[in-house]
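*Asks:* Here is a sequence with its predicted model. Questions after.
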Amino acid sequence: MTPEPTPRPTPDPREAAAGGGLTAYLPISRGDFDLEVDLAVAPGQVVALLGPNGAGKTTVLHALAGLLRLRAGSVVLDGRVLDEPAAGTFVPPAGRDVGVVFQDYLLFPHLTALENVAFGPRARGSGRADARREAAQWLDRVGLAAHATARPGQLSGGQAQRVALARALATRPRLVLLDEPLAALDAATRLEVRADLARHLREFGGSAVMVTHDPLDAMVVADRIVVLEGGRVVQDGSPAQVARAPRTEYVARLVGLNLLRGAGSGRAAVDMEAGGVLHVAEAADGPVLVALPPTSVTLHRQQPEGSARNVWAGTIAGLEQHAHTVRAQVAAPDRPPVLADVTPAAVAELDLVVGAPVWLSFKATDTHVYPR
Ligand SMILES: Nc1ncnc2c1ncn2[C@@H]1O[C@H](COP(=O)(O)OP(=O)(O)OP(=O)(O)O)[C@@H](O)[C@H]1O
(Lines give C-alpha, C1' and ligand atoms only; values in the text may rest on other atoms or scores of the structure.)
Protein backbone atom coordinates (compact mmCIF):
# COMPACT_ATOMS: atom_id res chain seq x y z
CA MET A 1 0.00 0.00 0.00
CA THR A 2 1.51 3.28 -1.05
CA PRO A 3 1.11 6.11 1.44
CA GLU A 4 -0.83 9.11 0.20
CA PRO A 5 1.39 12.09 -0.52
CA THR A 6 1.29 14.48 2.40
CA PRO A 7 -1.01 17.34 1.49
CA ARG A 8 0.79 20.65 1.70
CA PRO A 9 -0.74 24.00 2.38
CA THR A 10 -1.47 25.30 -1.07
CA PRO A 11 -3.11 28.54 -2.13
CA ASP A 12 -6.85 28.35 -2.65
CA PRO A 13 -7.03 27.18 -6.29
CA ARG A 14 -9.73 29.72 -7.14
CA GLU A 15 -7.68 32.56 -5.73
CA ALA A 16 -4.48 31.39 -7.45
CA ALA A 17 -6.29 31.19 -10.77
CA ALA A 18 -7.83 34.65 -10.57
CA GLY A 19 -5.49 35.90 -13.28
CA GLY A 20 -6.66 33.16 -15.68
CA GLY A 21 -4.56 30.49 -17.31
CA LEU A 22 -3.68 27.18 -15.71
CA THR A 23 -2.95 26.65 -12.02
CA ALA A 24 -2.25 23.12 -10.85
CA TYR A 25 -0.98 21.52 -7.68
CA LEU A 26 -0.28 17.89 -8.39
CA PRO A 27 0.76 15.54 -5.58
CA ILE A 28 0.62 12.10 -7.24
CA SER A 29 1.80 8.63 -6.20
CA ARG A 30 2.10 5.84 -8.77
CA GLY A 31 3.55 2.69 -7.29
CA ASP A 32 6.97 3.67 -5.96
CA PHE A 33 6.97 6.95 -7.86
CA ASP A 34 6.10 10.17 -6.06
CA LEU A 35 5.46 13.40 -7.88
CA GLU A 36 4.80 16.83 -6.42
CA VAL A 37 4.50 19.65 -8.89
CA ASP A 38 3.12 23.17 -8.64
CA LEU A 39 2.53 24.65 -12.06
CA ALA A 40 1.05 27.96 -13.15
CA VAL A 41 0.88 28.83 -16.85
CA ALA A 42 -0.40 32.27 -17.87
CA PRO A 43 -2.74 32.70 -20.85
CA GLY A 44 -0.60 32.97 -23.98
CA GLN A 45 2.38 31.32 -22.32
CA VAL A 46 4.04 28.25 -23.84
CA VAL A 47 5.77 26.05 -21.28
CA ALA A 48 8.08 23.19 -22.21
CA LEU A 49 8.17 20.40 -19.66
CA LEU A 50 11.63 18.96 -20.05
CA GLY A 51 13.06 15.98 -18.19
CA PRO A 52 14.74 12.59 -18.42
CA ASN A 53 12.87 9.30 -18.82
CA GLY A 54 10.61 8.57 -15.90
CA ALA A 55 10.73 12.12 -14.52
CA GLY A 56 6.94 12.33 -14.50
CA LYS A 57 6.27 14.51 -17.56
CA THR A 58 3.53 12.30 -18.98
CA THR A 59 2.02 11.90 -15.54
CA VAL A 60 1.66 15.70 -15.29
CA LEU A 61 0.14 15.92 -18.76
CA HIS A 62 -2.34 13.12 -18.05
CA ALA A 63 -3.41 14.75 -14.79
CA LEU A 64 -4.01 18.07 -16.60
CA ALA A 65 -5.97 16.33 -19.36
CA GLY A 66 -8.10 14.44 -16.83
CA LEU A 67 -6.78 11.05 -17.99
CA LEU A 68 -5.41 10.56 -14.49
CA ARG A 69 -7.72 11.52 -11.64
CA LEU A 70 -6.12 13.30 -8.70
CA ARG A 71 -6.41 11.99 -5.13
CA ALA A 72 -5.24 15.33 -3.72
CA GLY A 73 -4.36 18.76 -5.13
CA SER A 74 -6.18 20.69 -7.82
CA VAL A 75 -6.32 21.71 -11.47
CA VAL A 76 -7.92 25.06 -12.34
CA LEU A 77 -8.21 26.50 -15.83
CA ASP A 78 -9.32 30.10 -16.36
CA GLY A 79 -11.01 30.11 -12.97
CA ARG A 80 -12.87 26.84 -13.52
CA VAL A 81 -11.98 24.00 -11.17
CA LEU A 82 -11.40 20.86 -13.26
CA ASP A 83 -10.15 18.56 -10.54
CA GLU A 84 -10.22 19.07 -6.79
CA PRO A 85 -10.77 15.85 -4.83
CA ALA A 86 -11.19 17.71 -1.53
CA ALA A 87 -14.25 19.48 -2.97
CA GLY A 88 -15.48 16.39 -4.84
CA THR A 89 -14.94 18.12 -8.22
CA PHE A 90 -13.78 16.21 -11.30
CA VAL A 91 -14.45 17.27 -14.89
CA PRO A 92 -13.82 14.36 -17.29
CA PRO A 93 -11.47 14.91 -20.28
CA ALA A 94 -14.24 15.60 -22.80
CA GLY A 95 -15.71 18.34 -20.61
CA ARG A 96 -12.45 20.28 -20.29
CA ASP A 97 -11.44 23.17 -22.52
CA VAL A 98 -8.26 21.28 -23.28
CA GLY A 99 -6.80 20.26 -26.65
CA VAL A 100 -4.28 17.43 -26.86
CA VAL A 101 -1.62 16.53 -29.42
CA PHE A 102 0.07 13.22 -28.76
CA GLN A 103 3.27 11.89 -30.23
CA ASP A 104 1.65 9.43 -32.58
CA TYR A 105 -1.06 11.99 -33.50
CA LEU A 106 -3.91 9.48 -33.09
CA LEU A 107 -5.62 10.67 -36.25
CA PHE A 108 -8.60 8.60 -37.38
CA PRO A 109 -7.21 6.62 -40.36
CA HIS A 110 -10.56 6.30 -42.16
CA LEU A 111 -11.34 10.05 -42.04
CA THR A 112 -9.91 12.74 -44.33
CA ALA A 113 -7.70 15.50 -42.92
CA LEU A 114 -10.71 17.84 -42.96
CA GLU A 115 -12.95 15.34 -41.19
CA ASN A 116 -10.24 14.68 -38.61
CA VAL A 117 -10.02 18.38 -37.78
CA ALA A 118 -13.82 18.82 -37.89
CA PHE A 119 -14.12 16.03 -35.34
CA GLY A 120 -12.98 18.40 -32.58
CA PRO A 121 -15.64 21.11 -33.07
CA ARG A 122 -18.28 18.40 -33.74
CA ALA A 123 -17.46 16.72 -30.43
CA ARG A 124 -17.97 20.12 -28.74
CA GLY A 125 -21.45 20.41 -30.22
CA SER A 126 -20.88 22.42 -33.43
CA GLY A 127 -23.17 21.60 -36.35
CA ARG A 128 -21.71 19.63 -39.27
CA ALA A 129 -21.41 22.57 -41.68
CA ASP A 130 -19.93 24.89 -39.05
CA ALA A 131 -17.44 22.25 -37.95
CA ARG A 132 -16.32 21.69 -41.54
CA ARG A 133 -15.99 25.41 -42.19
CA GLU A 134 -13.95 25.83 -39.05
CA ALA A 135 -11.82 22.81 -39.92
CA ALA A 136 -11.13 24.20 -43.40
CA GLN A 137 -9.94 27.47 -41.86
CA TRP A 138 -7.62 25.65 -39.51
CA LEU A 139 -6.19 23.46 -42.26
CA ASP A 140 -5.52 26.62 -44.19
CA ARG A 141 -3.77 28.21 -41.21
CA VAL A 142 -1.42 25.25 -40.86
CA GLY A 143 -0.75 25.30 -44.61
CA LEU A 144 -2.66 22.15 -45.54
CA ALA A 145 -5.68 23.49 -47.43
CA ALA A 146 -4.59 21.48 -50.47
CA HIS A 147 -4.62 18.24 -48.48
CA ALA A 148 -8.14 18.49 -47.02
CA THR A 149 -9.31 15.29 -48.69
CA ALA A 150 -6.18 13.24 -47.97
CA ARG A 151 -6.38 10.45 -45.42
CA PRO A 152 -3.71 10.19 -42.70
CA GLY A 153 -2.01 7.32 -44.58
CA GLN A 154 -1.41 9.68 -47.51
CA LEU A 155 0.18 12.42 -45.39
CA SER A 156 3.84 12.82 -44.45
CA GLY A 157 4.81 12.86 -40.78
CA GLY A 158 5.05 16.64 -40.76
CA GLN A 159 1.64 17.02 -42.41
CA ALA A 160 0.02 14.58 -40.00
CA GLN A 161 1.50 16.56 -37.12
CA ARG A 162 -0.04 19.75 -38.50
CA VAL A 163 -3.43 18.06 -38.85
CA ALA A 164 -3.19 16.91 -35.22
CA LEU A 165 -2.37 20.46 -34.13
CA ALA A 166 -5.22 21.91 -36.20
CA ARG A 167 -7.59 19.37 -34.66
CA ALA A 168 -6.51 20.33 -31.15
CA LEU A 169 -6.76 24.08 -31.78
CA ALA A 170 -10.03 23.90 -33.74
CA THR A 171 -11.92 23.28 -30.50
CA ARG A 172 -10.68 26.71 -29.31
CA PRO A 173 -9.31 25.27 -26.08
CA ARG A 174 -7.97 27.39 -23.22
CA LEU A 175 -5.14 24.92 -22.72
CA VAL A 176 -3.32 22.78 -25.24
CA LEU A 177 -1.21 19.82 -24.13
CA LEU A 178 1.42 18.36 -26.42
CA ASP A 179 3.31 15.13 -25.69
CA GLU A 180 6.57 14.93 -27.69
CA PRO A 181 4.82 16.45 -30.72
CA LEU A 182 7.96 16.47 -32.88
CA ALA A 183 9.57 13.20 -31.80
CA ALA A 184 8.30 11.15 -34.73
CA LEU A 185 9.63 13.54 -37.40
CA ASP A 186 12.88 13.29 -39.35
CA ALA A 187 15.47 16.02 -38.77
CA ALA A 188 14.64 18.21 -41.79
CA THR A 189 10.87 18.08 -41.26
CA ARG A 190 11.37 18.68 -37.57
CA LEU A 191 13.21 21.93 -38.19
CA GLU A 192 10.35 23.32 -40.24
CA VAL A 193 7.48 21.98 -38.13
CA ARG A 194 9.19 23.19 -34.95
CA ALA A 195 9.20 26.79 -36.18
CA ASP A 196 5.55 26.56 -37.32
CA LEU A 197 4.50 24.99 -34.06
CA ALA A 198 6.11 27.84 -32.13
CA ARG A 199 4.16 30.36 -34.19
CA HIS A 200 0.78 28.62 -33.90
CA LEU A 201 1.11 28.16 -30.16
CA ARG A 202 2.00 31.84 -29.71
CA GLU A 203 -0.95 32.93 -31.80
CA PHE A 204 -3.61 30.77 -30.24
CA GLY A 205 -3.76 32.83 -27.05
CA GLY A 206 -4.42 30.11 -24.48
CA SER A 207 -1.93 28.32 -22.26
CA ALA A 208 0.26 25.54 -23.69
CA VAL A 209 2.27 22.79 -22.04
CA MET A 210 4.57 20.72 -24.25
CA VAL A 211 6.42 17.63 -23.02
CA THR A 212 9.77 17.08 -24.68
CA HIS A 213 13.15 15.38 -24.28
CA ASP A 214 14.74 17.69 -26.79
CA PRO A 215 16.32 20.92 -25.49
CA LEU A 216 16.20 22.52 -28.92
CA ASP A 217 12.45 21.91 -29.23
CA ALA A 218 12.05 23.46 -25.80
CA MET A 219 14.24 26.47 -26.60
CA VAL A 220 12.56 27.26 -29.91
CA VAL A 221 8.93 26.49 -29.12
CA ALA A 222 8.56 27.57 -25.50
CA ASP A 223 8.96 30.90 -23.74
CA ARG A 224 9.44 29.14 -20.42
CA ILE A 225 11.13 25.87 -19.55
CA VAL A 226 10.17 23.81 -16.53
CA VAL A 227 12.61 20.98 -15.84
CA LEU A 228 11.29 17.93 -14.02
CA GLU A 229 13.55 15.33 -12.42
CA GLY A 230 12.36 12.54 -10.15
CA GLY A 231 8.87 14.02 -9.87
CA ARG A 232 10.08 17.48 -8.76
CA VAL A 233 10.63 20.79 -10.55
CA VAL A 234 14.41 21.39 -10.45
CA GLN A 235 14.52 24.45 -12.68
CA ASP A 236 12.00 26.96 -14.02
CA GLY A 237 13.05 29.84 -16.24
CA SER A 238 13.26 31.36 -19.69
CA PRO A 239 15.17 29.39 -22.35
CA ALA A 240 18.01 31.90 -22.07
CA GLN A 241 18.23 31.51 -18.29
CA VAL A 242 18.18 27.72 -18.47
CA ALA A 243 20.81 27.66 -21.22
CA ARG A 244 23.10 30.03 -19.34
CA ALA A 245 22.71 28.88 -15.76
CA PRO A 246 21.78 25.19 -15.54
CA ARG A 247 20.93 24.01 -12.03
CA THR A 248 21.49 20.26 -12.38
CA GLU A 249 23.83 17.88 -14.20
CA TYR A 250 21.00 16.77 -16.44
CA VAL A 251 20.24 20.34 -17.56
CA ALA A 252 23.95 21.15 -17.95
CA ARG A 253 24.41 18.13 -20.24
CA LEU A 254 21.35 19.12 -22.29
CA VAL A 255 22.58 22.65 -22.86
CA GLY A 256 26.16 21.49 -23.39
CA LEU A 257 27.93 23.03 -20.41
CA ASN A 258 30.21 21.79 -17.65
CA LEU A 259 28.67 22.34 -14.23
CA LEU A 260 31.00 22.61 -11.25
CA ARG A 261 29.92 22.96 -7.63
CA GLY A 262 31.67 24.78 -4.87
CA ALA A 263 31.70 27.56 -2.32
CA GLY A 264 32.74 31.14 -2.95
CA SER A 265 35.34 32.52 -0.57
CA GLY A 266 34.40 36.18 -0.91
CA ARG A 267 37.16 36.60 -3.51
CA ALA A 268 37.18 35.71 -7.20
CA ALA A 269 37.81 32.09 -6.28
CA VAL A 270 35.62 29.03 -5.64
CA ASP A 271 36.58 26.06 -3.47
CA MET A 272 35.34 23.16 -5.54
CA GLU A 273 33.46 20.30 -3.88
CA ALA A 274 35.51 17.80 -5.85
CA GLY A 275 38.76 19.47 -4.80
CA GLY A 276 40.95 22.37 -5.88
CA VAL A 277 40.30 26.08 -6.24
CA LEU A 278 38.68 27.59 -9.29
CA HIS A 279 39.66 31.09 -10.37
CA VAL A 280 36.58 32.95 -11.55
CA ALA A 281 35.91 36.41 -12.94
CA GLU A 282 33.99 38.00 -10.06
CA ALA A 283 33.94 37.74 -6.28
CA ALA A 284 31.70 34.85 -5.19
CA ASP A 285 30.27 34.05 -1.79
CA GLY A 286 28.50 31.01 -0.34
CA PRO A 287 27.37 27.89 -2.22
CA VAL A 288 27.65 28.43 -5.95
CA LEU A 289 27.39 26.70 -9.30
CA VAL A 290 29.92 27.39 -12.04
CA ALA A 291 29.06 26.88 -15.70
CA LEU A 292 31.93 26.39 -18.14
CA PRO A 293 31.56 25.84 -21.90
CA PRO A 294 33.56 22.82 -23.17
CA THR A 295 34.69 25.01 -26.05
CA SER A 296 36.58 27.22 -23.55
CA VAL A 297 38.71 24.33 -22.29
CA THR A 298 42.06 23.78 -24.00
CA LEU A 299 44.01 20.51 -23.78
CA HIS A 300 47.81 20.15 -23.81
CA ARG A 301 50.30 17.32 -23.55
CA GLN A 302 52.72 19.42 -21.45
CA GLN A 303 51.98 21.79 -18.62
CA PRO A 304 50.87 24.96 -20.44
CA GLU A 305 52.51 28.30 -19.80
CA GLY A 306 49.97 30.88 -21.09
CA SER A 307 47.81 33.25 -19.06
CA ALA A 308 44.90 30.91 -18.22
CA ARG A 309 44.39 30.89 -14.47
CA ASN A 310 42.86 27.43 -14.23
CA VAL A 311 45.26 24.61 -15.05
CA TRP A 312 45.37 21.02 -13.89
CA ALA A 313 46.50 17.58 -14.98
CA GLY A 314 44.26 14.59 -15.66
CA THR A 315 43.63 11.71 -18.01
CA ILE A 316 41.31 11.30 -20.96
CA ALA A 317 38.36 9.28 -19.65
CA GLY A 318 36.29 9.36 -22.83
CA LEU A 319 36.14 10.71 -26.39
CA GLU A 320 32.94 11.32 -28.29
CA GLN A 321 32.56 12.58 -31.83
CA HIS A 322 30.11 15.48 -32.18
CA ALA A 323 29.26 17.17 -35.48
CA HIS A 324 32.60 18.85 -36.21
CA THR A 325 34.36 18.49 -32.91
CA VAL A 326 35.45 15.80 -30.50
CA ARG A 327 34.24 16.05 -26.91
CA ALA A 328 36.91 14.80 -24.52
CA GLN A 329 36.18 13.95 -20.91
CA VAL A 330 39.08 14.71 -18.59
CA ALA A 331 39.21 12.99 -15.19
CA ALA A 332 41.50 13.81 -12.28
CA PRO A 333 41.45 12.27 -8.79
CA ASP A 334 41.20 15.57 -6.92
CA ARG A 335 39.31 17.73 -9.42
CA PRO A 336 35.81 17.63 -10.97
CA PRO A 337 35.45 15.86 -14.33
CA VAL A 338 35.53 18.38 -17.20
CA LEU A 339 34.40 18.15 -20.83
CA ALA A 340 36.58 19.83 -23.46
CA ASP A 341 35.68 20.30 -27.13
CA VAL A 342 38.66 19.87 -29.42
CA THR A 343 39.03 19.68 -33.18
CA PRO A 344 39.76 16.34 -34.87
CA ALA A 345 43.12 17.89 -35.86
CA ALA A 346 43.94 18.53 -32.20
CA VAL A 347 42.99 14.95 -31.32
CA ALA A 348 45.57 13.74 -33.84
CA GLU A 349 48.24 16.29 -32.89
CA LEU A 350 47.92 15.66 -29.17
CA ASP A 351 47.55 11.93 -29.76
CA LEU A 352 44.43 11.90 -27.59
CA VAL A 353 43.26 8.41 -26.71
CA VAL A 354 41.40 7.14 -23.69
CA GLY A 355 43.88 6.88 -20.83
CA ALA A 356 46.29 9.49 -22.23
CA PRO A 357 47.67 11.97 -19.67
CA VAL A 358 46.78 15.60 -20.48
CA TRP A 359 46.79 19.09 -19.01
CA LEU A 360 43.70 21.25 -19.28
CA SER A 361 43.39 25.00 -19.01
CA PHE A 362 40.68 27.62 -19.14
CA LYS A 363 40.37 31.29 -18.30
CA ALA A 364 38.63 32.71 -15.26
CA THR A 365 36.60 34.94 -17.61
CA ASP A 366 35.10 31.90 -19.36
CA THR A 367 33.34 30.75 -16.20
CA HIS A 368 29.88 31.87 -15.15
CA VAL A 369 29.22 31.77 -11.40
CA TYR A 370 25.73 31.88 -9.84
CA PRO A 371 24.23 31.03 -6.45
CA ARG A 372 23.22 27.45 -5.82
N1 LIG B 1 0.22 3.33 -14.49
C2 LIG B 1 1.32 3.41 -13.75
N3 LIG B 1 1.44 2.69 -12.61
C4 LIG B 1 2.55 2.78 -11.86
N5 LIG B 1 3.59 3.54 -12.16
C6 LIG B 1 3.53 4.27 -13.25
C7 LIG B 1 2.41 4.25 -14.11
N8 LIG B 1 2.66 5.08 -15.14
C9 LIG B 1 3.87 5.60 -14.93
N10 LIG B 1 4.40 5.12 -13.80
C11 LIG B 1 5.71 5.48 -13.25
O12 LIG B 1 5.70 6.87 -13.05
C13 LIG B 1 6.99 7.39 -13.31
C14 LIG B 1 6.89 8.59 -14.24
O15 LIG B 1 6.45 8.18 -15.51
P16 LIG B 1 6.12 9.20 -16.67
O17 LIG B 1 5.67 8.40 -17.84
O18 LIG B 1 5.22 10.26 -16.17
O19 LIG B 1 7.54 9.83 -16.93
P20 LIG B 1 8.03 10.65 -18.21
O21 LIG B 1 8.82 11.78 -17.66
O22 LIG B 1 6.88 10.99 -19.06
O23 LIG B 1 8.97 9.61 -18.88
P24 LIG B 1 9.22 9.31 -20.46
O25 LIG B 1 10.01 10.47 -20.94
O26 LIG B 1 9.99 8.06 -20.42
O27 LIG B 1 7.88 9.19 -21.09
C28 LIG B 1 7.83 6.26 -13.86
O29 LIG B 1 8.68 5.81 -12.82
C30 LIG B 1 6.83 5.21 -14.22
O31 LIG B 1 7.38 3.94 -14.04
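*Replies:* Ah, there it is.
*Asks:* For the rest of this, base every contact and every neighbour count on C-alpha atoms.
*Replies:* Fine.
*Asks:* so what secondary structure elements neighbour the longest helix seen in the chain?
*Replies:* Determined from DSSP state H, the single longest helix within the chain is helix 187-204. In terms of contacts (3 or more Cα pairs under 8 Å, 6 or more residues apart in numbering; DSSP states H and E), helix 187-204 is packed against helix 157-169, helix 215-221.
*Asks:* from those, which stretch is densest packed?
*Replies:* Among these, ranked by average contacts under mean count of other Cα atoms under 10 Å, first place goes to helix 157-169 (a mean of 25).
*Asks:* ok and it relative to helix 187-204, angle-wise?
*Replies:* If you take axes from the mean of the first three to the mean of the last three Cα atoms, to 10 degrees, helix 157-169 sits at 20 degrees to helix 187-204.
*Asks:* Mind listing residues that contact helix 157-169?
*Replies:* For helix 157-169, contacts defined as Cα atoms under 8 Å, 6 or more residues apart in numbering pick out 99-101, 105-107, 113, 116-120, 135, 138-139, 142, 144, 152, 176, 181-182, 184-185, 189-190, 193, 204.
*Asks:* The residues you listed: which ones sit near the ligand?
*Replies:* Here nothing survives when the contacts of helix 157-169 are matched to the ligand using Cα under 6 Å from any ligand atom.
*Asks:* What residues sit buried inside stretch 77-87?
*Replies:* Neighbour-count burial for stretch 77-87, counted by 16 or more other Cα atoms under 10 Å, picks out 77, 78, 79, 80, 81, 82, 83, 84.
*Asks:* Test my guess that the third one contacts residue 24.
*Replies:* To tie it back to what came earlier, the one meant is residue 79. No. Judged on Cα atoms under 8 Å, residue 79 makes no contact with residue 24 at a distance of 11.4 Å.
*Asks:* By mean pLDDT, flag the weakest helix or strand of the protein.
*Replies:* The weakest-scoring helix or strand in the chain, judged by mean pLDDT, DSSP states H and E, is helix 13-16 (a mean of 48).
*Asks:* Stretch 135-143: which residues count as buried?
*Replies:* By neighbour count with 16+ other Cα under 10 Å, stretch 135-143 contains the buried residues 135, 136, 137, 138, 139, 142.
*Asks:* Take those and keep only those in helices.
*Replies:* Residues from those lying in helices, with DSSP H as the criterion: 135, 136, 137, 138, 139.
*Asks:* List the residues that contact the last one.
*Replies:* For residue 139, the contacting residues are 114, 117, 145, 148, 163, 166, taking Cα under 8 Å, 6+ apart as the criterion.
*Asks:* so what's the residue nearest the centre of the chain bridging to?
*Replies:* Closest residue to the average C-alpha location of the chain: residue 50 at 2.5 Å, with Cα atoms, centre = their mean. Residue 50 has the following beta-bridge partners by DSSP bridges: residue 212, residue 227.
*Asks:* how near is it to the ligand?
*Replies:* 8 Å (Cα to the nearest ligand atom, to the nearest Å).
*Asks:* tell me the contacts of that residue?
*Replies:* By Cα under 8 Å, 6+ apart, residue 50 lies in contact with 57, 211, 212, 213, 214, 215, 218, 225, 226, 227, 228.
*Asks:* try 7 Å
*Replies:* 211, 212, 213, 225, 226, 227, 228 (Cα atoms under 7 Å, 6 or more residues apart in numbering).
*Asks:* Same check on residue 66?
*Replies:* Residue 66 sits next to 92, 93 when contact means Cα under 7 Å, 6+ apart.
*Asks:* Relative to residue 178, how far out is it?
*Replies:* As judged by Cα to Cα, to the nearest Å, residue 66 and residue 178 stand 14 Å apart.
*Asks:* Residue numbers of this structure in contact with the ligand?
*Replies:* Going by Cα under 6 Å from any ligand atom, the residues of the chain near the ligand are 30, 31, 33, 51, 52, 53, 54, 55, 56, 57, 58, 59.
*Asks:* Which one of the residues you listed is nearest to residue 301?
*Replies:* Minimum distance to residue 301 across the residues of the chain next to the ligand is 36.2 Å, recorded for residue 52 (Cα to Cα).
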